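**Q** this one's sequence-less:
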């Protein structure tokens, strides 16, 4: 495999980590917090972002402006039933979603979740390394690659793996700082 192919595969693990961490709230209102919520709209589960505009009204409040007035109760219900523990308040066509301050205990739980997601990403990166190393061992066995070349490939793959594991660690430490900031 080419280094660029390995890096692309490992980058997908990093992208997935970013995606998963964007669902965790850090105390600040951010529209991506509600992106994964789906609303039952004419019998279909539709992403909230396709039914309304989501903006941060201030640091602790999200504002949801539905495109259609008749969908307001459904959006409100979907937000309440989500795993975020939020209580939306409706005034006319606008749904305001206040974000309660995170308790110290909840922050520590969130950090555990962040570390668990990071570990999943590291495992994915290491699995890619293992696949490449197994492939190079197979090529040596089939005599399509020399042992010296195998060692060179394994060394390059380990360097790339270390780079991505360090990037994951940096992402985690940044997310921890965000979570512990009041």
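**A** Okay, I see it. Keep in mind that what you see is a predicted model, and the values were worked out from it rather than measured.
**Q** and the helices in the protein?
**A** Taking DSSP state H as the criterion, the chain carries its helices at 3-22, 72-81, 104-141, 147-180.
**Q** need the ones you listed in JSON lines with distance to residue 89, mean pLDDT and mean neighbour count, can you?
**A** Just so you know, the C-beta spots here come from the backbone N, C-alpha and C atoms, and that holds for glycine as well. Output for the helices of the chain, formatted as JSON lines (distance: least, CB to CB, whole Å; pLDDT from 0 to 100; neighbours: other CB atoms under 10 Å):
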{"stretch": "helix 3-22", "distance to residue 89": "24", "mean pLDDT": "86", "mean neighbour count": "16"}
{"stretch": "helix 72-81", "distance to residue 89": "9", "mean pLDDT": "82", "mean neighbour count": "17"}
{"stretch": "helix 104-141", "distance to residue 89": "21", "mean pLDDT": "88", "mean neighbour count": "16"}
{"stretch": "helix 147-180", "distance to residue 89": "25", "mean pLDDT": "89", "mean neighbour count": "15"}
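**Q** now distance to residue 94 too, for the ones you listed, in JSON lines please.
**A** Shown next, in JSON lines, are the helices of the chain (distance: least, CB to CB, whole Å):
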{"stretch": "helix 3-22", "distance to residue 94": "24"}
{"stretch": "helix 72-81", "distance to residue 94": "9"}
{"stretch": "helix 104-141", "distance to residue 94": "27"}
{"stretch": "helix 147-180", "distance to residue 94": "27"}
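**Q** for those, which one sits closest to residue 95?
**A** helix 72-81 (5.8 Å; CB to CB).
**Q** quick one: contacts of the closest one?
**A** Outside helix 72-81, the residues within contact range by CB atoms under 8 Å, 6 or more residues apart in numbering are 34, 37-41, 48, 51-52, 64, 66, 86-88, 90, 93, 95, 97.
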